[in-house]
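In: pasting the sequence and the predicted model now:
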Amino acid sequence: MTNRRGLRLITGGMGKATRDDAAPDDMTLVASFQADPQGVAGLAAASTLLQRYRDRVLTWCTRRLGDPELALDVTQETLLAALAALPGFGGRAQFSSWLFAIARNRCISTLRARPRATGDDTALDDVTDGADDPQERLLARESQELVLELMNQVLDAEERTALWLKAYEEMSVEEISRLLDLPGASGARAVLQRARRRLRAAYDARHATRPREDEP
């Protein structure tokens, strides 16, 4: 899960981003971040990388959404989602293609959510394996923060990234397979099933230890 320091580094000052010809290339910055994802050097590399593309993402989102303010929000969401998923980026696709795939899916989700704000519910249903029981769905909606916390705690980078891309970016298993360099759609499905199983077990264990509201 993205920490607050990463949030400030990526979204701070949405002004004009510039590209220094002497700056490291995309994959060098990705490698620097993945080597130290929680450290100052790693987050600085991610900041340089994402700010390199933010104006292009903003322009693209503005054209797609037709609303500059909404596009700015979606751009920030895209950068934060990319930062959260970057530990599992395998480099099979170009970084720019991967980033714009996230932006595209964010725009699609935003357009779908305009009539009714149900995007988060849908995402959480997917994270918790689409439970059909209404009480379980309600529990998932009320516990979104816990779900995200557990994703960060109990899933490895590949599982966490795959589940994030599926549930929150609404990517297909084929897209996830390409982006994470997995062995086809079946490989992506296997990672997702494993991630959901581990997340469900951790969620149930955490919830079981919480006192009931009617307990003293």
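Out: Looks like it came in fine.

In: for the rest of this, base every contact and every neighbour count on C-alpha atoms.
Out: OK.

In: pull the helix or strand with minimum mean pLDDT from the protein.
Out: Of all the helices and strands that make up the chain, helix 119-127 has the lowest average by mean pLDDT, DSSP states H and E, namely a mean of 44.

In: buried sites along the one helix or strand residue 194 maps to?
Out: Assessed by DSSP states H and E, residue 194 sits inside helix 184-209. Of the residues in helix 184-209, those buried under the neighbour-count criterion (16 or more other CA atoms under 10 Å) are 185, 187-189, 191-192, 195-196, 198-200, 202-203.

In: could you pull out the strands for this structure?
Out: Counting by DSSP state E, one finds no strands in the chain.

In: low-confidence ranges, it, go.
Out: 1-22, 114-145, 169, 209-216 (pLDDT under 70).

In: where along it do the helices fall?
Out: Taking DSSP state H to define them, one finds helices in the chain at 4-11, 26-35, 40-65, 68-85, 95-113, 119-127, 134-142, 144-154, 157-167, 173-180, 184-209.

In: dump the fourth one to CSV, restricted to CA.
Out: As requested, the backbone C-alpha atoms of helix 68-85 are provided in CSV (Å, rounded to 0.1, in the frame of the first residue of the first chain):
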residue,chain,number,x,y,z
PRO,A,68,-9.9,19.1,-16.6
GLU,A,69,-10.6,19.0,-12.9
LEU,A,70,-11.8,15.4,-13.0
ALA,A,71,-8.8,14.5,-15.3
LEU,A,72,-6.4,15.9,-12.7
ASP,A,73,-8.0,13.7,-10.0
VAL,A,74,-7.8,10.7,-12.2
THR,A,75,-4.2,11.5,-13.1
GLN,A,76,-3.2,11.6,-9.4
GLU,A,77,-5.1,8.3,-8.9
THR,A,78,-3.2,6.8,-11.8
LEU,A,79,0.2,7.8,-10.5
LEU,A,80,-0.6,6.5,-7.0
ALA,A,81,-1.9,3.2,-8.4
ALA,A,82,1.2,2.9,-10.5
LEU,A,83,3.4,3.5,-7.4
ALA,A,84,1.4,0.8,-5.5
ALA,A,85,1.8,-1.7,-8.4
